[in-house]
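Trainee: fold the following.
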Amino acid sequence: MIKKIGNLNKNKIISRRLFVLVAAKIGLLGIVTSRLYNLQISEKRKYEVLSDKNRIREWKTPPQRGIITDYFNNIIADNQRVYQVHLSLEEVSNFNNSIFKLKNIISLKTAKLQK
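Mentor: From the prediction side, this is the model:
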């Protein structure tokens, strides 16, 4: 009779432990599932934009080379500095003043400036 009571207590303890472990696993699975839902469905737009910004980048780097000559020392390719100026009319408060400053910096002639 004493053995039966001991077995019942052991079975109750094992079943309680099993219930706690199963409940913890289900709870953990629920937390992981809700986090995945939040990341993949709720915040989809945010991560799409971040992904596009990370993927699409435009870098303009000039080639780094010296003067390339042929057998007779004729220049085939040479490095020349090229500058580009982009003026946005929305951002420039005084367009004529900006053009006048640019004319002095890059030494434009008046005929080219009028074009």
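Trainee: when you work out contacts or count neighbours from here on, use the C-alpha atoms and nothing else.
Mentor: Will do.
Trainee: looking at this structure, which helix is longest?
Mentor: helix 2-37 (DSSP state H).
Trainee: could you point out which element follows it?
Mentor: Downstream of helix 2-37, the next assigned helix or strand under DSSP states H and E is helix 44-55.
Trainee: low-confidence stretches in the chain?
Mentor: Filtered on pLDDT under 70, the chain yields the residue ranges 1-6, 62-64.
Trainee: and it, what are its domains?
Mentor: Per the record, the chain has its domains at 2-55, 68-114, by automatic domain parsing.
Trainee: how long is the shortest one end to end?
Mentor: The stretch domain 68-114 measures 37 Å between its terminal residues, going by CA to CA, to the nearest Å.
Trainee: re the thing from before, can I get the domains of the chain in TSV including mean neighbour count?
Mentor: Below are these laid out as TSV (neighbours: other CA atoms under 10 Å):
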stretch	mean neighbour count
domain 2-55	11
domain 68-114	10
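Trainee: out of these, the one nearest residue 61 is which?
Mentor: domain 68-114 (11.9 Å; CA to CA).
Trainee: ok, back up a step: what angle separates the longest helix of the chain from helix 44-55?
Mentor: 60 degrees (axes from the mean of the first three to the mean of the last three CA atoms, to 10 degrees).
Trainee: helix 2-37: how far from the chain's middle?
Mentor: 44 Å (CA atoms, centre = their mean, to the nearest Å).
Trainee: which elements pack onto it?
Mentor: Here helix 2-37 touches no other helix or strand, going by 3 or more CA pairs under 8 Å, 6 or more residues apart in numbering; DSSP states H and E.
Trainee: quick check, central residue of this protein?
Mentor: Centroid-nearest residue in the chain: residue 54, 2.3 Å away (criterion: CA atoms, centre = their mean).
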